[in-house]
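Enquirer: the following comprises the amino acid sequence and a computationally predicted model.
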Number of protein chains: 2
Amino acid sequence: MGRAEKVTVRAVAERAGVAVSSVSRVLNDHADVSDGLRARVLAAVEELGYQPDPVAQSLRSGATRTIGCIVRDIANPLFGDIVKGAENVLHDAGYSLLVSNTDGDIRRDVDYIELFLRRRVDGLLLSLQAEDNADMIAALRQASCPLVLLDRDVPGLSASAVLCDHFTGIVAAVGHLVALGHRRIGLIAGQPVIRASRERKRGFDEALAKAGLPVAPELVRLGPYAAEFGHASTLELLDLADPPTALVAGGIQFTMGSLRALHERGVRIGAELSFISADDIDWLELHDPPISVVKRDHMRMGHLGADLLLRTLGGEAHPCFEPVGTTYIHRASVQPPGVSR
Amino acid sequence: MGRAEKVTVRAVAERAGVAVSSVSRVLNDHADVSDGLRARVLAAVEELGYQPDPVAQSLRSGATRTIGCIVRDIANPLFGDIVKGAENVLHDAGYSLLVSNTDGDIRRDVDYIELFLRRRVDGLLLSLQAEDNADMIAALRQASCPLVLLDRDVPGLSASAVLCDHFTGIVAAVGHLVALGHRRIGLIAGQPVIRASRERKRGFDEALAKAGLPVAPELVRLGPYAAEFGHASTLELLDLADPPTALVAGGIQFTMGSLRALHERGVRIGAELSFISADDIDWLELHDPPISVVKRDHMRMGHLGADLLLRTLGGEAHPCFEPVGTTYIHRASVQPPGVSR
DNA sequence: CTGTTAGCGCGTTCAG
DNA sequence: CTGAACGCGCTAACAG
C-alpha cells in the first residue's frame, strides 16, 4: 500500500528557505509578493508535490467547500437527475457533495439537516418531504449557511428556491383530456404539505372548472409519495362503480405504482385508459403505447439550485427564486367510451 | 437567520469547573473517570447544548468519517441503487457519503480519486470505468485508506471487492433463447476493460458453444457504456442482411438505447424480437409485453460494499471478495421465424 | 483520578 | 515586502 509522506507548509518553507507565512501568501495570492520569493516557493511546492490539507484549511477558515443535499430517494431517477445536475456544477466550482436518503421519514430530514450543519457544510440543497414540520423549520433556522429549496416553499425562511410551474403543466394535461371528450378524470397526487402537490391539485381543479365539469372527490387521491400509494389508489379507482376514463399521476412514485397496477389488471394505456404522468422520466416514452407526460428538466433544476447556492456564497446574490418551466407532452391517449366526433 | 453561539470544550470545562481534557475523557469514555466528574461534565454538556466540531476532530484524529463514492452516472438508477444501499449502511454507522459523476471520462475517475484522497476520506467505494488505466491505478496506490471495488476487478491492487456473477446470468439467458429455437442471437455489451463485460462475453460464447451454434462476430457489438452505443448498435443489427431474431443487451445504458431504437423502428418485443436485458431495473417489467431480464440486486451490492468497508475500517476484516448472485428471469419471448414445435 | 500542555496544518494578524 | 507568533477546536501525552 502506498504511503505518501505528508508534506506540510513548513516543509515547503524550509525547502524554499522562507517563512511559512510567505508560502501561504504565494498560494493564496495575497498581493505584495516579490517575484523571486514567489518563484522559489512555487519551485519548492512543485518539487515536494505539496498540496494543502483541506481539513486544516477548513478548521482555520470555517469553510469546508462541501454542500449537503437532502432528498427522499437518491435511487429515484427524478432525484438522481437533480443530484447529478447539482454535483456537476458544484464539482466545477471546487465543492464536494454529501448525499442523503430520507426515505419517507420526515424526522430523517431533521436528522440530516442537523448532521450536515454540524459538519459545517457551506450550503444546503433541500428537497424536503414536508414544508410545515416545526422541528425541521427550527433546525433550518439554526443554519448560518445559505439554503436552496428545490421545488419546495417554506414561508418565512431565509432561503432561495428553484420552483417548477406544476400548475401550467397539469392544466394543459387535463385540458387535453377534456378536449378528447373525457368527463371522468382521476388524479393521484401528493399531500398538500408539499407545494408541488398543492399546485397540481389547484391546476386539476381549475382545469375542470374551466371546462364546466363537476368535481368528483372520489376520483382524487392524495397521499404519501410512495409507489404503494399509487398502486393502491389506481386499483381503487378502477374498482369504482363509475371508474375514470383517464388518469393523471402527479409524481414518479405514483406513476410507477399506477403503471404496475394497470399492468397487473391488463389495462392497456391508450387502448382502454388515457394515462398522463406529471414527471417525465426518460424511459416513460418507451412504453408501448407511449405515455403522455408533463415534462420537467430535473437535471436543470439541480443545476440551477447549485448555481444559486454558489452565487449566494460568492456574495453575488441574495436569496431569490428561480422558476423552472413545465411542458406538457402528448404521446398517446384514447377517447372515453360513448364519445363520437 | 439563526446564529448559534459556538460552544467549545473550553466553555463546557469552565461551566463544569473542570479541565478540558476531562471533558474529552468523558465524551470519548476513556476509562478512569469518577462518577461525580462525569455527571458534572454531562450536565454542562446538556445545559450548553455542546456538540463536538467534526472538523477539529478530523484534524486531530486524522479520520473524517467520510466515504467517497465514484460512479459513472448517479442519475442512472443502477448506480442510484448502489449509492442508496451504501448510504443507508454508512449513515447508520455515522459516516457521510461524498458522491461523484465520472460520466464516461476515465480521467475524471483519476480526478475524483485524487480529490477524495486529498480530502482524507476514510474509505473509497469504486465503480470504475476501466480496470486497466495506469494513471488510475497509480492514484489508487497512493491511498492509505481501504478501497472497495464495486463489480470491478483491478489485479494487483490491495482492495476488497463485491462481484456479480454475470457469467451465470448470461448463460441462462442465452440458453433459454436457444431452447426456444433461436440460432441468430445478438449481443450488445461493454468493452473488456471492465470485468462485467468480459464475463458477459464469456458467458455468451460458452452458451453458444455448448449449443453447438456458430460464432457470428457481426452479431456482437462491444462498445462504450452509453445509450447512444446501444441505440446505434441495435439499428446496425436490425439492418443486417441476416438480422438476429433475439438480442441480449448487457447493461442498462445499452438496454435504454436498444429499447429506444426498437421503439423507433416499431419492432415489437415478444412479437417480432426476443429481448433480454442484463440488468434488471425495477420498471423494465412494466413494458408491454414485459422484457426478460437478468436480475441483479444493486442496492444489495452497495450495502455489501459499505459493509465491507466498515468491517475493514473496524479492523474486523482484511481485503476480501464478496460475491453477489445473479438470477435470470424470463418474462416474455418469441420463437424465431421458421421454428415449429 | 484529574489538570496542564503540546501540537494536528493552516491562515493571518502584527512587527520589522 | 517578509517573518514570527498565535489560535481555529480538539485529543493525547505527560505530570501531579
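Expert: Nice, I can see it.
Enquirer: only C-alpha atoms from now on, for both contacts and neighbour counts.
Expert: Noted.
Enquirer: nearest spatial neighbour of A:Val110, chain-adjacent residues omitted?
Expert: Of all residues not flanking A:Val110 in the chain, A:Met136 sits nearest, at 5.1 Å (CA to CA, 6 or more residues apart in numbering or on different chains).
Enquirer: mind checking the SS state of the one you found?
Expert: Under DSSP: H, G, I helix; E, B strand; the rest coil, A:Met136 falls in the helix class.
Enquirer: check contacts around it.
Expert: A:Arg107, A:Asp109, A:Val110, A:Ile113 (CA atoms under 8 Å, 6 or more residues apart in numbering or on different chains).
Enquirer: save these as JSON lines, and put in secondary structure and distance to A:Pro289 too.
Expert: Converted to JSON lines, these look like this (DSSP: H, G, I helix; E, B strand; the rest coil; distance: CA to CA, whole Å):
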{"residue": "A:Arg107", "secondary structure": "helix", "distance to A:Pro289": "40"}
{"residue": "A:Asp109", "secondary structure": "helix", "distance to A:Pro289": "38"}
{"residue": "A:Val110", "secondary structure": "helix", "distance to A:Pro289": "42"}
{"residue": "A:Ile113", "secondary structure": "helix", "distance to A:Pro289": "42"}
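Enquirer: which among those count as buried?
Expert: Applying 16 or more other CA atoms under 10 Å in any protein chain shown to these, the neighbour count classes A:Asp109, A:Val110, A:Ile113 as buried.
Enquirer: torsion angles phi and psi at the closest residue to A:Arg202 other than its chain neighbours?
Expert: Spatial nearest neighbour of A:Arg202, excluding adjacent residues (CA to CA, 6+ apart): A:Phe167 at 6.8 Å. Dihedral pair for A:Phe167: phi -50, psi -60, per degrees, to the nearest 10.
Enquirer: go through the buried ones among the contacts of A:Met136 and say which is closest to DNA strand D.
Expert: Among the buried ones among the contacts of A:Met136, A:Ile113 lies closest to DNA strand D (CA to the nearest atom of the strand), at 18.5 Å.
Enquirer: contact partners for that closest one?
Expert: Contacts of A:Ile113 by CA under 8 Å, 6+ apart are A:Ile70, A:Met136, A:Ala139, A:Leu140.
Enquirer: the closest residue to DNA strand C within the stretch 51-200 of chain A: neighbouring residues, count only.
Expert: Going by CA to the nearest atom of the strand, DNA strand C is nearest to A:Pro52 of the stretch 51-200 of chain A, at 3.3 Å. Other residues near A:Pro52 come to 14 when the count uses other CA atoms under 10 Å in any protein chain shown.
Enquirer: distance check, it against B:Leu115.
Expert: Between A:Pro52 and B:Leu115 the computed distance is 12 Å (CA to CA, to the nearest Å).
Enquirer: same thing with A:Leu59?
Expert: Noted for A:Leu59: a distance of 18 Å to B:Leu115, by CA to CA.
Enquirer: and those two? which has more neighbours close in?
Expert: Between A:Leu59 and B:Leu115, counted using other CA under 10 Å, the more crowded position is A:Leu59 (18 against 15).
Enquirer: so that one makes contact with B:Ala56?
Expert: Yes - using CA atoms under 8 Å, A:Leu59 is in contact with B:Ala56, at 6.1 Å.
Enquirer: what about the residue lying closest to A:Leu78 once chain neighbours are set aside, neighbour count?
Expert: Excluding its sequence neighbours, the residue lying closest to A:Leu78 (CA to CA, 6+ apart) is A:His298, at 6.3 Å. Neighbours of A:His298 under the rule other CA under 10 Å: 24.
Enquirer: and A:His298, what does it touch?
Expert: With CA under 8 Å, 6+ apart, A:His298 has these contacts: A:Leu78, A:Phe79, A:Asp81, A:Ile82, A:Gly85.
Enquirer: can you rerun that using 10 Å?
Expert: A:77-85, A:150, A:164, A:279-281, A:304, A:324 (CA atoms under 10 Å, 6 or more residues apart in numbering or on different chains).
Enquirer: and which of the buried ones among the contacts of A:Met136 is nearest A:Glu199?
Expert: Distances from A:Glu199 to these, taken as CA to CA, are shortest for A:Asp109 (22.4 Å).
Enquirer: how near is that closest one to chain B?
Expert: In this view, A:Asp109 and chain B are 13 Å apart by CA to the nearest CA, to the nearest Å.
Enquirer: do you know the pLDDT at that residue?
Expert: pLDDT for A:Asp109: 97.
Enquirer: what separation do you get for it and A:Gln253?
Expert: Counting by CA to CA, the gap from A:Asp109 to A:Gln253 is 19 Å.
Enquirer: same thing with A:Asp205?
Expert: On the measure of CA to CA, A:Asp205 and A:Gln253 end up 22 Å apart.
Enquirer: equivalent analysis for A:Ala216, please.
Expert: Counting by CA to CA - A:Ala216 and A:Gln253 are separated by 23 Å.
Enquirer: show me which of those two is the more surrounded one.
Expert: Between A:Ala216 and A:Gln253, A:Gln253 has the larger neighbour count (other CA under 10 Å), namely 23 against 13.
Enquirer: next, see if the helix or strand containing the more buried one gets close to chain B.
Expert: In this assignment (DSSP states H and E), A:Gln253 forms part of helix A:252-265. Yes - against chain B, helix A:252-265 shows contacts by CA under 10 Å from any CA of the partner chain at A:Met256, A:Gly257, A:Leu259, A:Arg260, A:Ala261, A:Leu262, A:His263, A:Glu264.
Enquirer: go on, stretch A:270-283?
Expert: Yes - against chain B, stretch A:270-283 shows contacts by CA under 10 Å from any CA at A:Asp282, A:Trp283.
Enquirer: buried set for that stretch?
Expert: A:Gly270, A:Glu272, A:Leu273, A:Ser274, A:Phe275, A:Ile276, A:Ser277, A:Ala278, A:Asp279, A:Asp280, A:Ile281.
Enquirer: what sits against the first one?
Expert: Spelled out, that is A:Gly270. A:Ala246, A:Asp288, A:Pro289, A:Pro290, A:Ile291, A:Ser292, A:Arg331, A:Ala332, A:Ser333, A:Val334, A:Gln335.
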